[in-house]
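Novice: Fold the following for me, if possible:
(one chain, ligands or ions: 1)
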Amino acid sequence: PIRETVDKVVDKVTDVVSGGGPSGEIPGRPGSRPPTVDEPTEPREPLPPKPDQSGPDPFSPTGQSVDVSAAERAQGGERLTTAQGLRLVDTDHSLKAGPRGPVLLQDHHLREKIMHFDHERIPERVVHARGAAAHGVFRAYGTATTVTRAAFLAKDVETPVFVRFSTVLGSRGSADTVRDTRGFATKFYTGEGVFDLVGNNIPVFFIQDAIKFPDVIHAGKPHPDREIPQAQSAHDTFWDFVSLHTEATHHTLWNMSDRGIPRSFRTMEGFGVHTFRLVDAEGATTLAKFHWKPKAGVHSLVWEEAQIISGVDPDFHRRDLADAIEAGAHPQWELGIQLFPDTPEQTFEGIDLLDPTKIVPEELSPVQPVGVLTLNANPVNFFAETEQVAFHVGHLVPGIDVTDDPLLAGRLFSYLDTQITRLGGPNFGQIPINRTHAPVNDMLRDGFHQDAVHSGVAPYKPNSLDGGCPFFAGQQEGGYRETPVQVPAARKVREAPASYADHFSQPRLFWLSLTPVEREHVIAAYTFELGKVYEQAIKERNLRVLAEIDPYLCEQVAQGLGLPVPKPVNSLPSVEPSPALSQLGHTWPTTGRIIGVVVDGGGDLDTVRAVRQAVLDGGMVPLIIAPAGGVLGADGDDPVTVQRTFATARSVEFDALLLAGTPAPGKDAYGARDAKAGNGTAAGARTDPRVLLMLGEAFRHAKPIGGWADAAQALTAVGIDTDAPGVIVQDDAEAVLGEVVRLLGQHRVWERFPTTAAVV
Ligand code: HDD
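Specialist: You can find the predicted model right below:
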């Protein structure tokens, strides 16, 4: 009997593992069928377009090799193959000795597939790991030709570009809207070689000498013991470093300002930070700082909004950039330059141009537009393009040279060096996204991942065997010649110039240039960040730094921390504010802004349709938010598609909110018709806690709010005064929209934001 039982069990197990026999019936469940897999086995016509995969089918039925040119070696053909082009009949099962047997070592397909997968990840960037990028074009106005011979800056020249935006501190998978500096790196594929402008959205840097870079980054990255917090500066090591190393004060203040939490990559300024040297056709030089000015205006999140987004949509900036480009709302920036005479002192109006912790106010040297950048295409493959792009401040073109800024000098080393680890060798310039559009004829040879098949026998100069080729270029042929700058006779020292010791005058200049609302944001940011610090001594030391910038700032933060207010050691520097540094007080285009329209079961659908159309006509994006998905007014001619439900919508996605109220009795309501879709029966927007949460947040975040019919009920329910600034409730829905759009031009309703009268 034991033998019998064992045999039965074995039979049963065999049945289970073999899928229950040819019918596919699951053992023990008569009549059952395995789920069907509906993958097409023959190509459909037309094949879905796959960029770079459209080469001819190189399969030769006779087994002879087919002539495939280099360009066609990218993926091609319809059939699944190994990396060597061998066609496969199956990729779902390992080769085994019977269905239950051991997997065989001879399974070359399994080995190749798993080997490749094991090595799919490459080291993330040591800084700026989290980023998003886009292709575009730069068109020059020709205004820079008086100061530089850079060919791509000549009138109407169009240059393809690839731009990568990033945060600095977080890992590759971290959230987009953390408080941090943003990278703004642009690769210009010019006819004279690649020019990289590797800048940030903040015009100054934490350190004056590159030798401090590992220190500032070690301090800002997560603590080495627990690896927390991720992508944050609100922790002890960061605030320990910046208070002991006060040249970081200016950059830190910018991070604590609205610049640390941009609304979108599209609404950030960009800065080359260092002073560069421009060289004209005659060899005359001018010092210059590069600026990117967004056409959409400079605009930031508010801190609570940024924190909510980190959870609700960690990809907020990445999605925003890609969506805008896909929708045809191509983001644009104007490139501008500030110019300074190239004097031996390399100062301008007393500001040291080689000190990257200093700006030159635009009021002293205006930013002169030299061209416009348009981002018009999303990357096809994130890894191949955004991840593998490699920027380098040493990628220069004739007409643009470096200066002796010691921060820039270290960068000139670092950006090449880091790619050896990150991209696995010295040939990263051959990766498609990094390839120059100018002809290459170098004498660099071999190395990991060598993609070129070099001809000739003499990769050295001088040579006679290759006929002396390649030849040098004179200046007329576009040869790059370093500017023969006089180097001062000096002793070799590890010292900084005396002017670098001024750490507080420019932070004060920045503080005084902000509006009261912006100052309140700075106070709140310091109070939050220092409030997260554990060590009391670090908080106190940072208050002593703030005392050197401004007594009110210091006092307010001290109050928030519950600590005594320190006295400044030095007298406050006397500085002239620069209003150009404030982000507020301007009117900007509203195209591409997102307006959420909350609709519930009782609304008047014709009005919703009219408002939606008016938003679209204004080049903005209306998103209809209803209790459930589907369509509203399904029975009529023009149903309204629901894009967000009360469950999926959150205020942070919208620049303004509209609330479609219920019409007075007797008017057409569509509620009953949509009861099936779940959109008609609830008391809806007036009481739903998710809508009330949205309204409360939009109000706190200074966003315009509009409503018609009985919308005021919902506002009152959440404690919003309908007479508050930026809250528009009227019967005429289109008039409401008009006012909301006018307010959107200023980005937010700052009158609503509580400021202390004594903020100055
Ligand atoms: Fe840097 C990346 C910007 C100082 C070393 N940096 C990197 C990126 C940006 C900047 C935008 C991302 C590029 C991309 O998208 O691939 N960095 C700056 C600015 C600085 C600056 C504006 C000061 C003015 N950086 C700086 C210093 C050093 C580095 C002083 C080292 C001495 N930076 C690097 C790096 C990175 C980098 C380690 C990481 C990944 C990479 O270069 O390719 O080499």
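Novice: Which helix or which strand is home to F528?
Specialist: helix 516-531 (DSSP states H and E).
Novice: What pLDDT is listed against the closest residue to T237 other than its chain neighbours?
Specialist: Leaving aside its chain neighbours, T237 sits nearest to A219 (4.7 Å; criterion: CB to CB, 6 or more residues apart in numbering). Just so you know, the C-beta spots here come from the backbone N, C-alpha and C atoms, and that holds for glycine as well. Per-residue pLDDT puts A219 at 98.
Novice: cool, and G592?
Specialist: Per-residue pLDDT puts G592 at 88.
Novice: isn't there a helix covering it?
Specialist: No: if the criterion is DSSP: H, G, I helix; E, B strand; the rest coil, then G592 is coil and not within a helix.
Novice: Can you name the residues that contact the residue nearest to T237?
Specialist: Contact partners of A219, counting by CB atoms under 8 Å, 6 or more residues apart in numbering, are 237-238, 240-242.
Novice: Output the helix holding F528 as CSV, restricted to C-alpha atoms.
Specialist: Included here for helix 516-531 are C-alpha records, laid out as CSV according to Å, rounded to 0.1, in the frame of the first residue of the first chain:
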residue,chain,number,x,y,z
PRO,A,516,9.0,90.1,1.4
VAL,A,517,7.3,86.9,0.2
GLU,A,518,10.6,85.5,-1.0
ARG,A,519,12.3,86.4,2.2
GLU,A,520,9.5,84.6,4.2
HIS,A,521,10.2,81.6,2.1
VAL,A,522,13.9,81.8,3.0
ILE,A,523,13.2,82.1,6.7
ALA,A,524,10.8,79.1,6.5
ALA,A,525,13.4,77.1,4.6
TYR,A,526,16.2,77.7,7.1
THR,A,527,13.8,77.0,10.0
PHE,A,528,12.8,73.7,8.5
GLU,A,529,16.3,72.6,7.5
LEU,A,530,18.0,73.6,10.8
GLY,A,531,15.0,72.2,12.7
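Novice: buried residues in it?
Specialist: Residues 516-530 are the ones in helix 516-531 that count as buried (16 or more other CB atoms under 10 Å).
Novice: tell me the centre residue of the protein?
Specialist: For the chain, F165 is the residue whose C-alpha lies nearest the centre (CA atoms, centre = their mean; 4.1 Å).
Novice: give the contact list for it.
Specialist: Counted by CB under 8 Å, 6+ apart, F165 has contacts 131-133, 182-185, 265, 268, 317, 321.
Novice: before we move on, back to that, now the helix or strand just after the helix holding F528 - C-alpha only, CSV.
Specialist: Next along the chain after helix 516-531, taking DSSP H and E as the criterion, comes helix 536-549. The C-alpha trace of helix 536-549 is given here as CSV (Å, rounded to 0.1, in the frame of the first residue of the first chain):
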residue,chain,number,x,y,z
GLN,A,536,22.5,71.9,19.0
ALA,A,537,26.0,73.3,18.3
ILE,A,538,25.4,73.1,14.5
LYS,A,539,22.2,75.0,14.8
GLU,A,540,23.8,77.7,16.9
ARG,A,541,26.8,78.0,14.5
ASN,A,542,24.4,78.4,11.6
LEU,A,543,22.6,81.2,13.4
ARG,A,544,25.9,83.0,13.8
VAL,A,545,26.4,82.8,10.0
LEU,A,546,22.9,84.2,9.5
ALA,A,547,23.7,87.1,11.9
GLU,A,548,26.4,88.1,9.5
ILE,A,549,23.8,88.3,6.6
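Novice: which strands and helices sit next to helix 536-549?
Specialist: helix 236-244, helix 249-256, helix 505-513, helix 516-531, helix 551-561 (3 or more CB pairs under 8 Å, 6 or more residues apart in numbering; DSSP states H and E).
Novice: Let me know the average pLDDT across the helix holding F528.
Specialist: Helix 516-531 comes out at a mean pLDDT of 97.
Novice: what packs against that helix?
Specialist: Helix 516-531 packs on helix 249-256, helix 303-312, helix 536-549, helix 551-561, going by 3+ CB pairs under 8 Å, 6+ apart.
Novice: Between those, which one is closest to the ligand.
Specialist: For the ligand, the closest of the helices and strands packed on helix 516-531 is helix 249-256, at 9.3 Å, according to CB to the nearest ligand atom.
Novice: Which single one of the contacts of A219 is nearest to the ligand?
Specialist: Within these, the smallest distance to the ligand is 14.7 Å, found for F241 (CB to the nearest ligand atom).
Novice: Excluding residues flanking it in the chain, which one is nearest the closest one?
Specialist: Spatial nearest neighbour of F241, excluding adjacent residues (CB to CB, 6+ apart): A219 at 3.4 Å.
Novice: what angle sits between whichever strand or helix holds that neighbour and helix 236-244?
Specialist: For A219, the host element (DSSP H and E) is helix 213-220. For helix 213-220 against helix 236-244, the angle between stretch directions is 130 degrees (axes from the mean of the first three to the mean of the last three CA atoms, to 10 degrees).
Novice: Can helix 213-220 be said to contact the ligand?
Specialist: Yes: using CB under 6 Å from any ligand atom, helix 213-220 reaches the ligand at F213.
Novice: Give the buried residues for that helix.
Specialist: Neighbour count says helix 213-220 has 213, 216-217, 219-220 buried, by 16+ other CB under 10 Å.
Novice: Next to the ligand, which bits of the protein? Give me the list.
Specialist: Residues of the chain lying near the ligand (CB under 6 Å from any ligand atom): 125-128, 131, 164, 166, 183, 185, 198-200, 205, 210, 213, 273-274, 356, 389-391, 407, 410-411, 414-415, 418.
Novice: and these, which of them are in helices?
Specialist: Filtering those for membership in helices, criterion DSSP state H, returns 213, 407, 410-411, 414-415, 418.
Novice: and which of these is nearest H586?
Specialist: L407 (31.1 Å; CB to CB).
Novice: measure the closest one to I207 for me?
Specialist: Distance of L407 to I207, given as CB to CB, to the nearest Å: 7 Å.
Novice: intersection of neighbour lists for the two?
Specialist: Counting by CB under 8 Å, 6+ apart, the residues touching both L407 and I207 are P356.
Novice: Can you give me the neighbour number for W750?
Specialist: When neighbours are defined as other CB atoms under 10 Å, W750 has 18 of them.
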